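[1] 3D model of this:
(one chain, ligands or ions: 1)
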Amino acid sequence: MRSGTGRVGVLLVGLMAVTACAPAGPPSPDATPRAQPRPLPDPMPTEPGSLEEAIAERRSVRDLIDRPLSDAQIGQLLWSAQGITGSRGRRAAPSAGATYPLEVYVATTDRVAKYEIDDHALSDHLDVDRRSALAAAAFGQEWIADAGAVIVLTGVIERTADRYGDRAERFVLLEAGHAAQNVLLQATALDLVGVPVGAFDDAEVRELLELPTDHEPLYLLPIGFPAD
Ligand SMILES: Cc1cc2nc3c(=O)[nH]c(=O)nc-3n(C[C@H](O)[C@H](O)[C@H](O)COP(=O)(O)O)c2cc1C
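    Okay, the predicted model is just below:
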């Protein structure tokens, strides 16, 4: 056990270190003025089909027509969220420590399915259209009901917590953001539109999608055809 004197020593050393790192006070009147911002080269041109075009074109669009997406469109969107893209199960979006906490569902015009990541396949989850119920759970955001596909990102926090403890919740949310942006850019590249939805009642979404208790709903991504 450390002695009382030893503890005081540690405290003093700590205090000195903190003082040494403390920010200086307000700048003295003769401090060097801040340099003018230096212009950067223009962003790369948004060539048709380029990543730059998708980034520039992506907008949150809430005016959709209620039309089903094709299996190819749904598959492409799901692949961009979590598809396998590399050896040892590496995926389309980065993952803290490759712990892969995300599970992805998709609510379409006639069912809810789970994305089977390793097989790039859908397994039936619910045999019913849950899009209107999701819109209600999102406090009446009706565009969710009109989306040909509502991609639901869920997270199993424990998978990441096993390695990162208290930091896991932050990591899983960040990871959902990575996956969501992939989906939104992919949708843009497919001439589809959508909007990320974070405002919803967690318990209601969990219940109406009959999610396993450890699948935390994180983000809804209604994707579809633009109304105009
Ligand atoms: C974490 C997060 C949550 C959001 N939640 C909602 C939402 O519940 N409903 C909605 O219509 N838009 C939502 N948005 C979309 C923003 O309103 C939108 O990104 C913002 O207005 C900027 O417009 P832009 O996406 O067209 O660039 C959300 C965006 C983020 C990043």
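[2] going forward, measure contacts and count neighbours with C-alpha atoms only.
    OK.
[3] Assumed Val104 was part of a strand.
    Yes - counting by DSSP: H, G, I helix; E, B strand; the rest coil, Val104 is part of a strand.
[4] Let me know the secondary structure of the residue lying closest to Pro196 once chain neighbours are set aside.
    Distances taken as C-alpha to C-alpha, 6 or more residues apart in numbering place Leu221 nearest to Pro196, at 4.9 Å, with adjacent residues excluded. Classification of Leu221 using three-state DSSP returns strand.
[5] Enumerate the beta-bridge partners assigned to Leu221.
    Ile151 (DSSP bridges).
[6] burial of it, as a residue count?
    23 (other C-alpha atoms under 10 Å).
[7] What pLDDT is listed against it?
    We have a pLDDT of 99 for Leu221.
[8] Contact partners for it?
    150-153, 180, 194-197 (C-alpha atoms under 8 Å, 6 or more residues apart in numbering).
[9] for Val195, same thing?
    Counting by C-alpha under 8 Å, 6+ apart, the residues that Val195 touches are 59-62, 184, 221-223.
[10] re earlier: let me know the closest of the contacts of Leu221 to the ligand.
    Nearest to the ligand among the contacts of Leu221 is Val197, at 3.6 Å by C-alpha to the nearest ligand atom.
[11] Tell me who's in contact with the closest one.
    Val197 neighbours (C-alpha under 8 Å, 6+ apart): 138, 219-222.
[12] what residues are up against the residue positioned nearest the centre of the chain?
    The residue lying closest to the centre of the chain (C-alpha atoms, centre = their mean) is Gly177, at 2.0 Å. Listed by C-alpha under 8 Å, 6+ apart, Gly177 has no contact partners.
[13] Now the phi/psi pair for it, please.
    Main-chain dihedrals, Gly177, degrees, to the nearest 10: phi -60, psi -40.
[14] one step back: from Asp127, how far out is the residue nearest to Pro196?
    Here Leu221 is placed at a distance of 20 Å from Asp127 (C-alpha to C-alpha, to the nearest Å).
[15] Quick one: name the residues of this protein near the ligand.
    Residues of the chain that fall close to the ligand, judged by C-alpha under 6 Å from any ligand atom: 59-60, 195-199.
[16] With that, I have no additional questions.
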